[in-house]
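Asker: Take this sequence and fold it.
(one chain, ligands or ions: 2)
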Amino acid sequence: MTVIASLYNHKGGVAKTTTIFNLAAYLAKRKSKKVLLIDCDPQCNCTELFFCSADSYDEPDAQLPGTSIYEALRPRFDGDASRIDAKKVALAESPEYPNLYLLRGDINFSKGACPNFCVNGVSDYI
Ligand SMILES: Nc1ncnc2c1ncn2[C@@H]1O[C@H](COP(=O)(O)OP(=O)(O)OP(=O)(O)O)[C@@H](O)[C@H]1O
Ligand SMILES: [Mg+2]
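Answerer: Ligands and ions are numbered 1, 2, ... in the order given. Down below sits the predicted model:
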């Protein structure tokens, strides 16, 4: 069974990102769950936390091409596809936790406007 957890609070700086990242790391490390973090925030704070312990990821855009949320949904933004097949979306693997994956944040995501998009096949992740 796939569980989707999201945190919403209109107020800024109230620990949404901190909480969701620590929940994901806890589930991956302590509970051995396969966890996908999706960073929809153009600030990319969750993405920074994901790589903060990895000196080798100085340039994720260059080192991990195709693993950002903008790149994943780009066929919809460009009007090239009616649906996104989640199985074809590339993910970044955590340098620290074996079961933790990330769809990276991307400043370009704030430029996109894409109503009614549909993502199939997310059921492999909690
Ligand atoms: N329990 C805590 N104790 C002290 N500081 C905390 C705690 N949780 C988070 N912080 C700090 O508070 C700041 C804001 O946290 P965070 O970025 O998680 O908030 P946010 O709600 O995601 O913010 P934004 O609205 O900008 O996305 C960060 O500097 C974070 O390190
Ligand atoms: Mg945040």
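Asker: residues contacting Thr67?
Answerer: Listed by Cβ atoms under 8 Å, 6 or more residues apart in numbering, the contact set of Thr67 reads Pro60, Ala90, Leu91, Ala92, Leu102, Leu103, Arg104. Just so you know, the C-beta spots here come from the backbone N, C-alpha and C atoms, and that holds for glycine as well.
Asker: gap between it and ligand 1?
Answerer: Thr67 sits 21 Å away from ligand 1, going by Cβ to the nearest ligand atom, to the nearest Å.
Asker: if I look at that residue, how far off is Leu36?
Answerer: According to Cβ to Cβ, to the nearest Å, Thr67 and Leu36 sit 12 Å apart.
Asker: Mind listing the shared neighbours of the two?
Answerer: With Cβ under 8 Å, 6+ apart, Thr67 and Leu36 have common neighbours Leu91, Leu102, Leu103.
Asker: Could you check how many residues crowd around the second one?
Answerer: When you say that, I think you mean Leu102. Other residues near Leu102 number 26, with proximity taken as other Cβ atoms under 10 Å.
Asker: mind starting the numbering at 98 from now?
Answerer: Sure, I'll start numbering at 98, so the last one becomes Leu199.
Asker: And it, its phi and psi?
Answerer: Torsion angles at Leu199 (phi, psi; degrees, to the nearest 10) stand at phi -140, psi 130.
Asker: Am I right that it is in contact with Leu134?
Answerer: Yes: counting by Cβ atoms under 8 Å, Leu134 is a contact partner of Leu199 at 4.8 Å.
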